[in-house]
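Participant: kindly generate the corresponding structure for this input.
(2 chains)
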Protein chains: 2
Amino acid sequence: MNWSFWPIVSIIVSLGAFAIGFYFYNHIKKLPSANEEIDRFGDLIREGAMSFLKTENKVLTRFVLATTLIIVLFVPPIWKSTSILGNIAMGLCYIFGAIFSGLAGYVGMRVATIANVKTASAAEKGLTHAYRAGFRGGAVMGLAIVGSCLLGASIVYLVFPHDPNFLLAFSFGASSLALFAKAGGGIFTKTADIAADLTGKVELGIPEDDPRNPAVIADNVGDNVGDVAGMGADLFDSNVAAIAASLVLALDLKQAPFIFMASAMGLLASMVGVFISNVKEDKSPGKALNRGTYFTTALFLLLTLGASLIFQFELRLWGAAMVGLLAGTVIGFSSEIFTSDEGKRVAAVARISQQGPAFTILSGFSYGLLSSFPSLIGIAGAALGAYKLCEPLGQDYAVFGIALSAVGMLSIIGMVTANDAYGPIVDNARGLSEMSGLGDEVLRVTDELDAAGNTAKAITKGFSIGAAGLTVIALLAAYRETLMNILGDDFLKGFDILDPLVFFGMLVGVGVPAVFSAMLMMGVNRNADRMVNEIHRQFDEIPGLKEGQAGVEPDYNRCIDIATVGALKELLPAGIMAIGVTLLVGFIGGVYAIAGYLAGNIMSGVLLALLMSNAGGMWDNAKKYVEAGNCGGKGSPAHKATIIGDTVGDPFKDTAGPSINTQITVVSLVSSLAAGLFAAFSIFG
Amino acid sequence: MNWSFWPIVSIIVSLGAFAIGFYFYNHIKKLPSANEEIDRFGDLIREGAMSFLKTENKVLTRFVLATTLIIVLFVPPIWKSTSILGNIAMGLCYIFGAIFSGLAGYVGMRVATIANVKTASAAEKGLTHAYRAGFRGGAVMGLAIVGSCLLGASIVYLVFPHDPNFLLAFSFGASSLALFAKAGGGIFTKTADIAADLTGKVELGIPEDDPRNPAVIADNVGDNVGDVAGMGADLFDSNVAAIAASLVLALDLKQAPFIFMASAMGLLASMVGVFISNVKEDKSPGKALNRGTYFTTALFLLLTLGASLIFQFELRLWGAAMVGLLAGTVIGFSSEIFTSDEGKRVAAVARISQQGPAFTILSGFSYGLLSSFPSLIGIAGAALGAYKLCEPLGQDYAVFGIALSAVGMLSIIGMVTANDAYGPIVDNARGLSEMSGLGDEVLRVTDELDAAGNTAKAITKGFSIGAAGLTVIALLAAYRETLMNILGDDFLKGFDILDPLVFFGMLVGVGVPAVFSAMLMMGVNRNADRMVNEIHRQFDEIPGLKEGQAGVEPDYNRCIDIATVGALKELLPAGIMAIGVTLLVGFIGGVYAIAGYLAGNIMSGVLLALLMSNAGGMWDNAKKYVEAGNCGGKGSPAHKATIIGDTVGDPFKDTAGPSINTQITVVSLVSSLAAGLFAAFSIFG
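Facilitator: Residues are numbered from 1 along each chain as shown, chains lettered A, B, ... in the order given. Take a look at the predicted model:
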């Protein structure tokens, strides 16, 4: 079999995914809108989302160009480089990665901001129609993300088949974008959410999606920015990093085709899966989402097994991929157990909230700590299991097995992303129904769709954190491989945890996700403060706005601007801190310190990400549980306590927690790319 | 110089410390009591504390006997043991460690529960007298703890000079006691604190130390149980573990005398320091505490330098100890910066609390995350610095240097413990003044003493976490040394972080402190619930109690019983979980997995301990800052928000956070002692 066979198949499958995405897009676009009002609000949301992307892209372009310059000059140091063209190509791959990921996000967001209006409108015809509009909107995102990821990776590999560094640079481009999209989007969405709640619900006592509130559009834009574009960029990032890390390890083993085979089959399975996911009237949309995922998983298993048998891949490699897939399922499942609003843990948090908000916080935090354990064991078990499974093939295969478990876990993310992007679309649809007065029956349908979206979101988060964990283990192995290539026989010893440089790096690495997430959360606080001031100004200065006088409208765009500008302003220092500390550790402690640093970073990153995501999810659902009439229902002390919990949980679960993934990937890729520099210039190394 | 010279000097210095402690004890005992009422309440507190110790000791005895049996049977496996007497001696050393630590804690608590009454009474004569009574009470604890630690370690070493395992067993005995004293005491104290606040301040609106509240004595007992006995046991534990770990590494180098020299000089310096710490009327007691610490530190530096020069120790070893001392100061200092009620960070938390309790939590948590970074870098820098300093002497010396930095950091804990135990004594004194009506001037004096105690406590906590961090690095090195002795030449490779077994262990190890602290915090919640029910019962069933009718008294002892029994009931599962997971990892993954497990455990343990201790300290002081009249003062929305923050912070900073230290030491010692078993029986190792 030709080495380029599977990358070419991957390209064909990717193009097929784009075709299905385009078909869904046309299907959704042709659906009717319920009235002019909903189109007007839909336009406002779409324009807001696009205006965020535009401003983000301006800052991002400067960041990417500056980084490209550094890559061209230093990776490898240009005065030592054998080919200046190689350096330039490296820089171009980096730009290419950022553009591919950015385009996929752009397409997904464009479709999501059309699908929200169409879903609300379709809800007039019933659940089946509304679900289809919402889910297909999400599916476009899933197919676009995974298709462009695989397309880009295949092209880079076909052009530079013998040097995986180009794919690492491509991956780093995607990571840079993810940093802006995920962390920036996370700050945006919670800024708007908190400011809208504080001024609307708390101060004025008006409903959540009341059009009088100047932050209401920004709030709906935030759902798209944070949950569609942000989560998509994050999963794109993990997926391409897993492929790149595996390739670094696969080259000497000549097993690169297996990686492309597994990825292509995963996308193919997702392409079939998105057609299966439908719901009948009076059936549960949550089950429909899960049915699609189960089907995709089973199909992926069969397709890869078949391809492995036909094309004579080692079955142990296939097993390693399946171990990863299994771990992903375990992690997603344990996130659901802890955060499901039908679960007994959420009920326990709600019950103890009757004693006051301090107990809401303490119990949710404690459960959050507990919830990290099954996932940590899942990641640990997958890494060990995949290793042991492939060990009979040889030591190098064993390490490659770990990387394959990450690829396996990420193989079905087309479907996972579709489920995830469905969430903000139906959430938006609910808001739009309220704003444009579509009536109670429509609200009931969109509420039902929305509840299913929340559970899907919890599973996706667990999944994406687990995938990031395994991916970074693979990146760590790739980092060692890179070092072996650079240092040759000088590099014989491993990264001993008792080597003081490794230990030094590990302790510093442990601190970085903590500082990173603290900076993001404080950024949300500061930015929400700015927006609250602007809302107060509008209420004071625009006559008739507070009273809801006909024809008087707030200046929605000012709030969107504040959220956008503030998000980027607050995100940059955190991103620069993470990259800066990485470079400092590398130039002080050298390549061994960096290995420890990455290990420490993964450890505390995975722990904090799981803690924050799950605690936040629990608080959110405890509030919903009380609002459903339990523990005193709306207005009761338990309700007030869980609202406080939910507000604490918002930046936990939607800003800091999930952004840590991206932070881990970014510093891992920086480390791999700068490995040569650290090896050449460091104080203690 | 004879090998036994410095251990014998250590014994003499220890006996000297006991003499000074006895002198202080007599001094305090002879002080007059203000009135009969205060003696009566003082007796109630003392009896409550002793009743806790008694019940604790019953459970502890069973635990210690069961563990002794396991040690005698399996360390080493008795069917492989060359001498059954050796196994029995090992078991005895373990018991010996538990008894020594327990006795020191008993003495300290006995004195503290006399000094509280005398301090309150002395406050009638002014600040100078009251400070002296309170501080000398704390000093007895400090001298007893460090004296008995050094005495015990010296005796064990003199009896078994060639096998450091006996000292490890002694250390494990101290750790077992610390687990009960620190975690159990931590649950006790917060159970009583939260239950007293919820029923007294919140429900009935009566003052904090109102004698009508059935939980009021339990609350005051809790201060002694948690902060005197618990913190003392924790520092005893770290100190003896640092000595034991250093000895494991020192034996081949024949540098054991240096360890005893440094420890003896540290105790000597503290013995002088406690005489220096006095305060004039109208001067700050906080500064007096710090003056004593600075003086002790400087004296220790000079004494050890002098001894190193005279007795011709390597000066690089002295340097390594000083690096640790410096790091301890940095960590203590950074804890103070974040938690000081005069600092701008506490003020920032108070200010943002005006927007609601969610922001109190978010900002305190974010600062807590940030505060971990300087300490992590301090520990990392100390380990690296000490290593590099001793590297010219040889590789083994370099690792020994890390252990010495832990010894250096812990050398002045006599003084640190004195400062720390001063806190609950003056806190109790304040409560007793209120209960027995000693008037406003006395309250002013005891308030001033109390404020100084809070800052000292924050510094001690940072110090003890840092010391635990360094100690466990030393224990990890000791673990490797132990393995080398057991496995001989088979054991050539290091603990590579990319070895999948090491990595597996690391991920599991990361989760254990999270689960451990969650279990403790949930235990506090459950236990407080039980006590609240009991308080309600008493208010309902005892006529005239609520109304404060003369001669009617609540059943204080029932509350003390509930706190005691509940604390032990909630603590055991957490302790067994930590030890059980350690054994599971060892028997599944073997000795490599355990090395990773310990590294992961330290990483997340130090991070979580710092986060929880510092966030809790900030919330406490933010409340105090508001109560001092800032941001609206008492009764304002900011006050309500900071009260919620303080309630969340209570189990953070007084139960879970500081108990993590002990958990880390316990699992490290279990690992070292069971290393032989893991090497012989494990599935994957």
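
Participant: what secondary structure does the residue lying farthest from the centre of chain A sit in?
Facilitator: The centre of chain A is farthest from one residue, A:P543, which by Cα atoms, centre = their mean lies 41.7 Å away. Using DSSP: H, G, I helix; E, B strand; the rest coil, the three-state assignment for A:P543 comes out as coil.

Participant: from A:M109, how far out is the closest residue to A:S613 other than its chain neighbours?
Facilitator: Excluding the flanking residues, the one nearest A:S613 by Cβ to Cβ, 6 or more residues apart in numbering or on different chains is A:G657, at 3.9 Å. The C-beta positions use only the backbone N, C-alpha and C, and glycine is treated the same way. Distance from A:G657 to A:M109, counting by Cβ to Cβ, to the nearest Å: 21 Å.

Participant: same question for A:R444.
Facilitator: Counting by Cβ to Cβ, the gap from A:R444 to A:M109 is 27 Å.

Participant: between these two, who's got more neighbours?
Facilitator: A:M109 (28 against 13; other Cβ atoms under 10 Å in any protein chain shown).

Participant: where's the strand or helix carrying the more buried one relative to the chain centroid, distance-wise?
Facilitator: Using DSSP states H and E, the element containing A:M109 is helix A:84-122. When distances are taken as Cα atoms, centre = their mean, to the nearest Å, helix A:84-122 is centred 14 Å away from the chain's centroid.

Participant: mind listing what's buried in the following helix or strand past that helix?
Facilitator: Sequence order places helix A:127-159 as the next helix or strand after helix A:84-122, per DSSP H and E. Using 16 or more other Cβ atoms under 10 Å in any protein chain shown as the burial criterion, the residues of helix A:127-159 that qualify are A:127-157.

Participant: what sits against the residue nearest to A:S613?
Facilitator: Residues counted as contacts of A:G657 (Cβ atoms under 8 Å, 6 or more residues apart in numbering or on different chains) are A:461, A:465, A:517, A:608-613, A:616.

Participant: and A:G48, what does it touch?
Facilitator: A:217-218, A:220-221, A:556-557, A:560.

Participant: once you drop chain neighbours, what's closest to A:I664?
Facilitator: Nearest non-adjacent residue to A:I664, counting by Cβ to Cβ, 6+ apart: A:G605, 4.5 Å away.

Participant: three-state assignment of the one you found?
Facilitator: The assignment at A:G605 comes out as helix when based on three-state DSSP.

Participant: could you measure it against A:V248, distance?
Facilitator: Remark: distance between A:G605 and A:V248 (Cβ to Cβ) = 21 Å.

Participant: cool, A:G408 as well?
Facilitator: 17 Å.

Participant: more crowded one of the two?
Facilitator: Between A:G408 and A:V248, counting by other Cβ under 10 Å, A:G408 is the more crowded of the two (32 against 25).

Participant: how far away is the more buried one from B:N428?
Facilitator: Taking Cβ to Cβ, one finds A:G408 at 60 Å from B:N428.

Participant: low-confidence regions, chain A specifically.
Facilitator: A:1, A:489-493 (pLDDT under 70).

Participant: mind redoing it with 80?
Facilitator: A:1, A:80-81, A:201-203, A:205, A:207-209, A:281-282, A:340-342, A:454-464, A:486-494, A:685 (pLDDT under 80).

Participant: and for the residue lying closest to A:S246 once chain neighbours are set aside, the neighbour number?
Facilitator: Residue nearest to A:S246 in three dimensions, not counting chain neighbours: A:A403, with 4.0 Å by Cβ to Cβ, 6+ apart. The burial count assigned to A:A403 is 32, neighbours taken as other Cβ under 10 Å.

Participant: go on, A:S33?
Facilitator: Residues near A:S33, counting by other Cβ under 10 Å: 18.

Participant: cheers, nothing more for now.
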